[in-house]
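Chemist: I'll drop the sequence and a predicted model, then ask my questions.
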Amino acid sequence: MYCMKSFVFQDATVSFVTAAAQTCLLMERVAEYERDEWIEQMLRLLPVLYLRTRLLEDAEPMLDDEPQRFVTEEDYNCTLFGIRNLLGEDDAYLDVFVDQGIYTDEVRTAYISEGMADIYQELKDMAAAFQLGEEPVMNDAVIACRRAFETRWGQTLLAVLRPLHAISHSEIED
């Protein structure tokens, strides 16, 4: 008799949570890396994270309440400033403003560190809920993280890849 795995224990979910945890760890330990090495690791990991998130199946929440948030302002700022310090003047890049999926002519200065800290917050909240080991909490945390991917951090991930790629290749040319 075939028994279907719950959403939390499906291969796609486990792969997503693993990629999310690796991404969080790389951001938390930014000070331990040389700049080029950290950028290279991010350029390898972020596309995997994007793909793993896209491969998640739809699932229904098991609880009535929104998942608990774990990332504090201090955690967020530590990640933000760690990445900002590592990237220095290359932290800033020009980005086209997107409003509700529609591109505008407005160009703004964006920061890799802010985008990465925003991604970190979503992933770390999910990963911390996962560590509680309670299936309904884990289920809803993954669902909430995926929904945030669709509306917020998926676009942010794609946006920060471009300047990271440019930094990586400008250093090769130098």
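Modeler: That came in fine, so what should we check first?
Chemist: Which residue would you name as the spatial centre of the protein?
Modeler: residue 119 (3.5 Å; CA atoms, centre = their mean).
Chemist: was I right about that one contacting residue 153?
Modeler: Yes: using CB atoms under 8 Å, residue 119 makes contact with residue 153 at a distance of 4.9 Å. For glycine as for every other residue, the C-beta is placed from the backbone atoms N, C-alpha and C.
Chemist: Distance of residue 94 relative to residue 108?
Modeler: Taking CB to CB, to the nearest Å as the measure, residue 94 falls 7 Å from residue 108.
Chemist: same question, residue 130
Modeler: Taking CB to CB, one finds residue 130 at 34 Å from residue 108.
Chemist: ok, then the element right after the lengthiest strand in the chain?
Modeler: If you go by DSSP state E, the chain has its longest strand at strand 102-111. Once the chain leaves strand 102-111, the next helix or strand it forms, by DSSP states H and E, is helix 112-131.
Chemist: Give the other helices and strands that that next one contacts.
Modeler: Applying 3 or more CB pairs under 8 Å, 6 or more residues apart in numbering; DSSP states H and E, one finds that helix 112-131 contacts helix 11-28, helix 73-87, helix 135-148, helix 154-173.
Chemist: contact partners of the second one?
Modeler: Translated: helix 73-87. 27-28, 30-31, 33, 35, 38, 91, 111-114, 116-117, 120-121, 124, 167 (CB atoms under 8 Å, 6 or more residues apart in numbering).
Chemist: For PyMOL, write a command that selects the buried ones of those residues.
Modeler: With 16 or more other CB atoms under 10 Å as the criterion, this PyMOL line picks the buried residues out of the contacts of helix 73-87:
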select buried, resi 27+30+33+38+91+111+112+113+114+116+117+120+121+124+167
